[in-house]
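S.K.: quick one, fold the following:
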Amino acid sequence: MHAFACTLLLAMIAQPQPASPALGSPVSWAPDGRWVAFWQTIERLEPPPAGSPSNPKIQQIWATEIASRRCSLIEESSWPLTAPSWGPTGRLLAFGRFVPRDGESPGPIVRGRFEVVVMSVRQPMRRFVVQSSMVLERPRTSEWGECSISWSGDGVFLAVTIPARTPSVAILNAQKGDVVRLLERARAPIWSQDGSVLAFLSSELSGESVEYVERTGAGISAERHRVMSSGVCSAPRFGDNPHELVVVHRKPTGRGADFLELFRAIPTGPIRTPIAELGFARDAPGLRELTAFDLSPDGDRYLAAAGQPNGDCALIWGSARERHVFKRFFVLDPSLAPTSFALSPDGVSAAFRLGTVHDPGLVGVIDLTTEDTWPIVPNATSANAWRSLFLGRIERLLRQARGDGLDAAKSRLSALPLPEELELRPDLAGRMTRLANLGLALDRQSARQGESHSGSREELENRITLEYLAGAHASALETLERLRPSLEDRADRLSLLKLRVQVLWAKGDLAEAESLVRELIAREGDSMRIVEDTPAGPLITDERTRDQAWLHQAAARIQAARVNPTPAQAESPRSDPSPAIELEQLLAPFELPNTRRERP
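M.R.: Okay, here's the model as predicted:
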């Protein structure tokens, strides 16, 4: 029996189907923790150059400095790229790429080669041909981003995932580029820090298994040792001990509820000692899946993300050595599920990726202690994608937060919830405030980087949404003024006035809000007189329009708030007076005739 002993971190999650390992597109930290490198795709804004594929997306590799948040473009290609990986000294960066044959025309299937590029700031770029003949199937190129590269701790070897329907792992001499060993049906390689052992996932019909090979001097042993043969749902990880291997395992509990639990296991023997019990979802009907997992380089701290039955995603951060869970929390919002993690070298921060496994999406960094989160925004395309994410999540939360503040049969003022509706759902209000503040911070960052904004109606309306939910009511009023010139319809300008009433109400300027709504009632009329013929003769009734109904209900609620203000309204600061505005100025050139009319 082989003497290699492994410590297995087992996350027991009930599911009878073969596990699907949580990989995603990895983000790579430099060993000193100052930089992260990552792969992303962006929409093509210009027609592709001659000889390039008609794929609407471009693949890029970026490096971002953590302290300054400065982003540097490393590589951009119309052809597929793999995820990058920093070398053990932090001076080298390696990634894989597809290179088409000369004269090969773009099509559904393209022939070329797969090579690994090693870049350095002080040395010429090196290119190693790993596979001289490769057939690229373009519909599968999005999967290249989850193909990882791993350096041995001494920088002698590179383990590279070769993209294919059934991936394989090539072990290269990092100086010469020679392929020392090819591991069939393998992916997600990871070297131990001393470079003595390479672990990887091996594809089986029943699912994934974890295997490893050992280094023998200048070569690699021919024997593949199996550590775990079923239920694997993450890539393996090493800590600082080459004989401690970490992997996430799926297993039914048989208790009608699922839980996550850490175990220490020796593959060469039956002894398994529990390390720590996460106690997650023990009383819940079942976890959906593990979406991301990573272990810090010292083998102590781990970070896991697992779906809950309600569709939310929880993060669990803890210590395997101390058998302690630090906290359970989320990234940005509980509804967002990371597809991959990369813990920083000190284990207190994590780079994460949002999206799906095959559409990796967005990259950000979170401080695990303070939970401060910032998106990585290398270009305007990423900034727009982050804005769309924030606004999309806010829209989902708005649908939950809007109650019966106004009669649904009448009219809502806008998509934004009324102040009283937010007070009834403080949990949702807090989540929307967090997302809105992140959106505004993103706008400020874009402004510092010189990004121009069109000032379109849609852009200004989105900004009003963020400012209103973030509590920046004075700024929302100013943005309303910027929006006014783009409104050419009388109904739109009237809606803007009503929205101003709501912002003033939320801001705590109840007197001004009531004054404005009363003036609008006077101009809109109290009701519309309707004359109808009936068998008993003409019948005259008064009926309010949707706008009239909203104005009267808003007036009653604002008056009630003035009589019995909430603590927030009572303490509302008045240091930022609302910009003055005249109704005639706002509604010009449209007139507001008396809307009382008769219908025969």
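S.K.: end-to-end on stretch 498-517?
M.R.: 8 Å (CA to CA, to the nearest Å).
S.K.: stretch 330-340 now?
M.R.: From its first residue to its last, stretch 330-340 covers 14 Å (CA to CA).
S.K.: who touches that stretch?
M.R.: Contacts to stretch 330-340, defined as CB atoms under 8 Å, 6 or more residues apart in numbering, come from residues 22-27, 291-292, 294, 305, 307, 311-315, 352-357, 360-361, 364, 366, 373, 389, 393, 396, 431, 434-435, 438. For the C-beta atoms, the positions are set from N, CA and C on the backbone; glycine is no exception.
S.K.: of those residues, just the buried ones, ChimeraX syntax please.
M.R.: In ChimeraX, a selection of the buried entries from the contacts of stretch 330-340 looks like this (16 or more other CB atoms under 10 Å):
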select :22,23,24,25,26,27,291,292,294,305,307,313,314,315,352,353,354,355,357,360,361,364,366,373,389,393,431,434,435,438
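S.K.: just checking, which of the contacts of stretch 330-340 belong to strands?
M.R.: Judged by DSSP state E, the contacts of stretch 330-340 include 291-292, 294, 305, 307, 313-315, 352-356, 360-361, 364, 366, 373 as members of strands.
S.K.: Tyr302 against Leu295, yeah?
M.R.: Yes: here Tyr302 reaches Leu295: they are 5.0 Å apart, a contact under CB atoms under 8 Å.
S.K.: how many other residues sit next to Gly430?
M.R.: 11 (other CB atoms under 10 Å).
S.K.: ok, now the one 10 residues further on?
M.R.: Residues within reach of Leu440, counting by other CB under 10 Å, total 18.
S.K.: with adjacent residues omitted, what lies nearest to it?
M.R.: In space, Leu440 comes closest to Leu466 once its chain neighbours are excluded; the distance is 5.3 Å by CB to CB, 6 or more residues apart in numbering.
S.K.: could you measure from that neighbour over to Thr433?
M.R.: 10 Å (CB to CB, to the nearest Å).
S.K.: between those two, tell me which one has more neighbours.
M.R.: The neighbour count for Leu466 versus Thr433, taken as other CB under 10 Å, is higher for Leu466 (27 against 17).
S.K.: pull the contacting residues for the more buried one.
M.R.: Neighbouring residues of Leu466 by CB under 8 Å, 6+ apart: 390-391, 394, 436, 439-440, 443.
S.K.: inside helices: which ones of the residues you listed?
M.R.: Of those, the ones assigned to helices by DSSP state H are 390-391, 394, 436, 439-440, 443.
S.K.: pick the one among those residues closest to Asn379.
M.R.: Nearest to Asn379 among the ones in helices among the contacts of Leu466 is Asp443, at 15.3 Å by CB to CB.
S.K.: measure the closest one to Glu467 for me?
M.R.: 10 Å.
S.K.: so which of these two has more stuff around it?
M.R.: Glu467 (23 against 18).
S.K.: what's the pLDDT at the more buried one?
M.R.: pLDDT recorded at Glu467 is 94.
S.K.: tell me the buried residues in the helix or strand where it lies?
M.R.: Using DSSP states H and E, Glu467 falls within helix 457-470. Neighbour counts over helix 457-470 (16+ other CB under 10 Å) mark 459-470 as buried.
S.K.: pLDDT weak spots in the stretch 51-200 of the chain?
M.R.: For the stretch 51-200 of the chain, the stretches with pLDDT under 70 are 51-56, 103-107, 121, 138-142.
S.K.: just give the nearest non-adjacent residue to Leu442, would you?
M.R.: Leaving aside its sequence neighbours, Leu442 sits nearest to Trp386 (CB to CB, 6+ apart; 5.6 Å).
S.K.: and the contacts of the helix or strand containing the one you found?
M.R.: In this assignment (DSSP H and E), Trp386 forms part of helix 380-401. Here helix 380-401 makes contact (CB under 8 Å, 6+ apart) with 40, 42-43, 332-333, 335-336, 354, 361-362, 375-377, 415-417, 421-422, 425, 428-429, 431-432, 435-436, 438-439, 442-443, 445-446, 451, 462, 465-466, 469.
S.K.: show me how far it is from its chain's centre.
M.R.: Relative to its chain's centre, helix 380-401 lies at 10 Å (CA atoms, centre = their mean, to the nearest Å).
S.K.: mind listing what's buried in it?
M.R.: 381-387, 389-391, 393-394, 397-398, 401.
S.K.: same for whatever helix or strand comes next after that helix, what does it pack against?
M.R.: The element immediately downstream of helix 380-401 (helix or strand, assigned by DSSP H and E) is helix 419-424. Judged by 3 or more CB pairs under 8 Å, 6 or more residues apart in numbering; DSSP states H and E, helix 419-424 is in contact with helix 426-448, helix 490-507, helix 546-563.
S.K.: which residues belonging to the second one are considered buried?
M.R.: Spelled out, that is helix 490-507. 493-494, 496-507.
S.K.: and the following helix or strand past it with helix 546-563, angle?
M.R.: Where DSSP H and E defines the elements, the next helix or strand beyond helix 490-507 is helix 510-524. Relative orientation of helix 510-524 and helix 546-563, computed by axes from the mean of the first three to the mean of the last three CA atoms, to 10 degrees: 150 degrees.
S.K.: who does helix 510-524 touch, helix- and strand-wise?
M.R.: helix 490-507, helix 546-563, helix 583-587.
S.K.: between the ones you listed, which one is closest to Ser68.
M.R.: With CB to CB as the yardstick, what comes closest out of the helices and strands packed on helix 510-524 is helix 490-507 (35.7 Å).
S.K.: do me a favour and average the pLDDT over that closest one.
M.R.: On average, helix 490-507 scores 85.
S.K.: list the helices and strands that helix packs on?
M.R.: Helix 490-507 packs on helix 419-424, helix 457-470, helix 473-483, helix 510-524, helix 546-563, helix 583-587, going by 3+ CB pairs under 8 Å, 6+ apart.
S.K.: now with 7 Å?
M.R.: The contact analysis (3 or more CB pairs under 7 Å, 6 or more residues apart in numbering; DSSP states H and E) places helix 490-507 against helix 473-483, helix 510-524, helix 546-563, helix 583-587.
S.K.: for those helices, give me a markdown table that also has distance to His243.
M.R.: Shown next, in a markdown table, are those (distance: least, CB to CB, whole Å):
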| stretch | distance to His243 |
| --- | --- |
| helix 473-483 | 57 |
| helix 510-524 | 68 |
| helix 546-563 | 66 |
| helix 583-587 | 74 |
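S.K.: where among these is the average confidence lowest?
M.R.: Out of the helices and strands packed on helix 490-507, helix 583-587 stands lowest, with a mean of 42 (criterion: mean pLDDT).
S.K.: doesn't Glu111 fall inside a strand?
M.R.: If you look again at residue 111, you'll see it is Arg, not Glu. Yes: under DSSP: H, G, I helix; E, B strand; the rest coil, Arg111 sits within a strand.
S.K.: ok, how many other residues are close to the nearest residue to it once chain neighbours are set aside?
M.R.: Nearest non-adjacent residue to Arg111, counting by CB to CB, 6+ apart: Arg101, 5.3 Å away. Around Arg101 there are 12 other residues, counting by other CB under 10 Å.
S.K.: you'd agree Arg101 is up against Ser132?
M.R.: No: between Arg101 and Ser132 there is no contact under CB atoms under 7 Å: 10.2 Å.
S.K.: can you give me the neighbour number for the nearest residue to Gly195 once chain neighbours are set aside?
M.R.: The shortest distance from Gly195 to any non-neighbouring residue, by CB to CB, 6+ apart, is to Ser152 (3.4 Å). Residues near Ser152, counting by other CB under 10 Å, number 22.
S.K.: Ser77 now?
M.R.: For Ser77, using other CB under 10 Å, the count is 14.
S.K.: list the contacts of it.
M.R.: Under the criterion of CB atoms under 7 Å, 6 or more residues apart in numbering, the contact partners of Ser77 comprise 59, 97.
S.K.: same question, Tyr468
M.R.: 416, 476, 503, 506.
S.K.: same thing but 10 Å
M.R.: 414, 416-417, 419, 422, 432, 436, 475-477, 479-480, 499, 502-503, 506-507 (CB atoms under 10 Å, 6 or more residues apart in numbering).
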